[in-house]
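Peer 1: need a structure here:
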Amino acid sequence: MSVLALARPEIRDLLPYSSARMEAGDAEVMLNANESPWPAQSRLNRYPEAQPPQLRARLAALYGVDSGQVLIGRGSDEAIDLLVRAFCRAGEDAIVVCPPTFGMYAVSAAVQGAAIVEVPLGVDFALDTDALLARITARVKLVFVCTPNNPAGNLVPLHAIERLAIELSGRALIVTDEAYLEFAGAPSAASLLAAHDNLVVLRTLSKAHALAGARIGAMLAHADIVDLLRRILPAYPLPSPSIAAALGALTPAALAATRARIAATQIAREALAADLRRLPSVVEVLPSAANFLCVRFAEAVGIYRHLLRSNIVVRDVSRYPGLAGCLRISIGNVDENARLLSALRIREAA
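Peer 2: Numbering: from 1, shown residues only. The predicted structure is shown next:
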């Protein structure tokens, strides 16, 4: 059975919009898009390509897949939204999430009118594959797995993802969100794509590649899923400056600089974790494979407010299941990490 059998039939049958840029090809005189013919600002008078071939090729090479398996969008958020819209019928279908986890999966489902099945993470925030599989019904079309998980920071083993893909073949898509994978030094689930057409992998240039402001994300999946989502992708999802920034970030020199930043972040993460564990106000620093630490404080609300007064903002994640009293702290640069520790020590000394 084709993996597209899981998609909404009206999306499978949808005649996609054909943009003017798609029709242009190699034409030298383009009079089909009602654009201004005068390049007032850096030639931004022309619409960009929806899926720039050069960028797709570089992302495919970076992630070890074929270009036809890459869909580029505005961060991972757009891919999440497109997947839910393409595979979930309002009031009929459902997604599975494993809290505590990234909130946009549930938000996208709620907007679409899809049900949300929660399968909480187990001991030490490990993915409980048996519990998850037990909750799968015919309504479930998408299973979201975040690894390293946000906000807990734990890594999901590749064998667990493969087991889900095998068990749910023909029943549901496994969507593996690897936004923070570069900081884990672990293999990507993209290595499993050739064997499992119901597997989807989300990657982004926002974190390790330092392009959060450019909003460039990539969905890696079977070519049929990529083609399906292109039917409902906006005509011009990628601004030209963002495309240029992404291409610049994927040159050999830029990739070498990224690897150096990743290594520095990993070192800083472990150093900051060790410093935090020495503070009396810290109850626990959860193990992290990402570029942040989830820290449990004896008085998280007071710590959070004190840091704000010190012009330092962290993320309060205490509302998430299993994370009462926890703040998520991104790994900053040397000065930022020092300011954080200084502020915490000042509060404890007061």
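Peer 1: Now do the buried residues in the top helix by length along the chain.
Peer 2: The helix spanning the most residues in the chain, taking DSSP state H as the definition, is helix 252-277. Of the residues in helix 252-277, Thr258, Arg261, Ile262, Thr265, Gln266, Ala268, Arg269, Leu272, Ala273, Asp275, Leu276 count as buried by neighbour count, 16 or more other CB atoms under 10 Å. (C-beta placed from N, C-alpha, C; glycine too.)
Peer 1: what's the span of stretch 59-75, first residue to last?
Peer 2: With CA to CA, to the nearest Å as the measure, the first residue of stretch 59-75 is 13 Å from its last.
Peer 1: List the contacts of the helix or strand of the chain with the lowest mean pLDDT.
Peer 2: Ranked by mean pLDDT, DSSP states H and E, the helix or strand of the chain with the weakest confidence is helix 20-24, at a mean of 76. Residues from elsewhere that reach helix 20-24, judged by CB atoms under 8 Å, 6 or more residues apart in numbering: Met30, Asn32, Ala33, Asn34, Tyr47, Pro48, Glu49, Ala50, Ala235, Tyr236.
Peer 1: With stretch 230-244 instead?
Peer 2: Applying CB under 8 Å, 6+ apart, the set of residues contacting stretch 230-244 is 11, 14, 16-17, 19, 21, 42-44, 46-52, 55, 71-74, 78, 82, 85-86, 214-216.
Peer 1: Helix or strand next in line after the longest helix of the chain, which one?
Peer 2: Next helix or strand after helix 252-277 toward the C-terminus (DSSP states H and E): strand 282-285.
Peer 1: Who does that following strand pair with, and is each partner parallel or antiparallel?
Peer 2: For strand 282-285, the paired strands and their directions (DSSP bridges) are strand 292-297 (antiparallel).
Peer 1: okay, and for the stretch 1-150 of the chain, where does confidence drop off?
Peer 2: 1 (pLDDT under 70).
Peer 1: For it, just list every one of the helices.
Peer 2: Using DSSP state H, counting those that start in this stretch, the helices of the stretch 1-150 of the chain run over 9-12, 20-24, 53-63, 75-87, 104-112, 129-134.
Peer 1: quick one, which of these is packed in tightest?
Peer 2: Highest mean neighbour count among the helices of the stretch 1-150 of the chain (mean count of other CB atoms under 10 Å): helix 75-87, with a mean of 23.
Peer 1: quick one: it to chain centroid distance?
Peer 2: Mean C-alpha position of helix 75-87 versus that of the full chain (CA atoms, centre = their mean, to the nearest Å) differs by 11 Å.
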